[in-house]
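Enquirer: please work out how this folds:
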Amino acid sequence: MNKNILIVHYNTPELTTATVLSIKKHTPGCRIIIFDNSNMRPFPAMEGVEIIDNTRRQVIDFDKWLAGYPDKMTTAANWGSEKHIYSVQNVFDRMDEGFLLLDSDVLVKRDLSGFFDESLAWRGKVEYEPQFWFQAQRLFPFLLWINVPMCKVAGVKFMSEGRIYKVSHTGAPYYDTGGSFYWDCKRSGLPGEEVEISQYIEHMVAGSHHRSPEEISRWLNKYKELYE
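Expert: A predicted model of the protein is given here:
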């Protein structure tokens, strides 16, 4: 079984590059795929890294896609998460093998080989305590095994259109990245395994693309032994 790893990149090439280097250091021999959504600061070419270039909307036109949801609730519409969901789904549709989803603002600190498990639909961490009334449980996307063949046989996708968006106060709960996937796997009876992912990765912070270059540099310097 190939060790496929997907990273969705936005505007922090320093972080994404360090993530890739930490993968190569702790889990060598992986096929690394970057889905690049950054017009301003695209991911630089690296040896042994495949890039799906969406910097000019040649793969997904997010504005056109999101325009189909004009009645979105501003309190529940985290559009950065929705773009992430749709990007992962695009790779899901392309793949005939499973892959490990890894955030671009984490550093790997030990071997990830155990995550590539063909007997499980998912392996990761479930968020048990949603912060707001309109949210629901989800699988953390920071480090998440997705068994594409098993899910496709069961009719499960990573992105479930009917359960991503909360468009009214009486609608279904709002699901963040990894939410609709988790609930569709549960409803389909697909096997999964929860693991404490913090023992495998160091996560900078949610919304790291909003952090200043100085903050990013300090964090990378603090954990440079994980990728150098």
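Enquirer: for the rest of this, base every contact and every neighbour count on C-alpha atoms.
Expert: Fine.
Enquirer: what separates the residue nearest the centre of the chain from T17, distance-wise?
Expert: The residue lying closest to the centre of the chain (Cα atoms, centre = their mean) is P141, at 4.3 Å. To T17, P141 is 18 Å away according to Cα to Cα, to the nearest Å.
Enquirer: P44 now?
Expert: Distance, P44 to T17, using Cα to Cα: 8 Å.
Enquirer: what about the helices in the chain?
Expert: When assigned using DSSP state H, the helices of the chain occupy the ranges 13-26, 62-66, 79-94, 148-154, 179-187, 213-222.
Enquirer: nearest to D117, out of these?
Expert: Each of the helices of the chain was scored for nearness to D117 using Cα to Cα, and the closest is helix 148-154 (11.1 Å).
Enquirer: that older thread, among the helices of the chain, where is the model least confident on average?
Expert: Across the helices of the chain, helix 62-66 has the smallest mean pLDDT, namely a mean of 81.
Enquirer: quick one, what contacts the residue nearest to H203 when sequence neighbours are not counted?
Expert: Using Cα to Cα, 6 or more residues apart in numbering and skipping the chain neighbours, the partner closest in space to H203 is V106 (4.3 Å). With contact taken as Cα atoms under 8 Å, 6 or more residues apart in numbering, V106 is in contact with 15, 19, 142, 201-204.
Enquirer: kindly report the same for L226.
Expert: 22, 25, 107-109.
Enquirer: how close does it sit to K24?
Expert: 10 Å.
Enquirer: for the lowest-mean-pLDDT helix or strand in the chain, what is the distance to the chain centroid?
Expert: When the helices and strands of the chain are scored by mean pLDDT, DSSP states H and E, helix 62-66 comes last with a mean of 81. How far helix 62-66 lies from its chain's middle: 19 Å, per Cα atoms, centre = their mean, to the nearest Å.
Enquirer: same deal with stretch 140-155?
Expert: Using Cα atoms, centre = their mean, the distance from the centre of stretch 140-155 to the centre of the chain it belongs to is 11 Å.
Enquirer: buried stuff in that stretch?
Expert: Buried residues in stretch 140-155, counting neighbours by 16 or more other Cα atoms under 10 Å, are found at 140-151.
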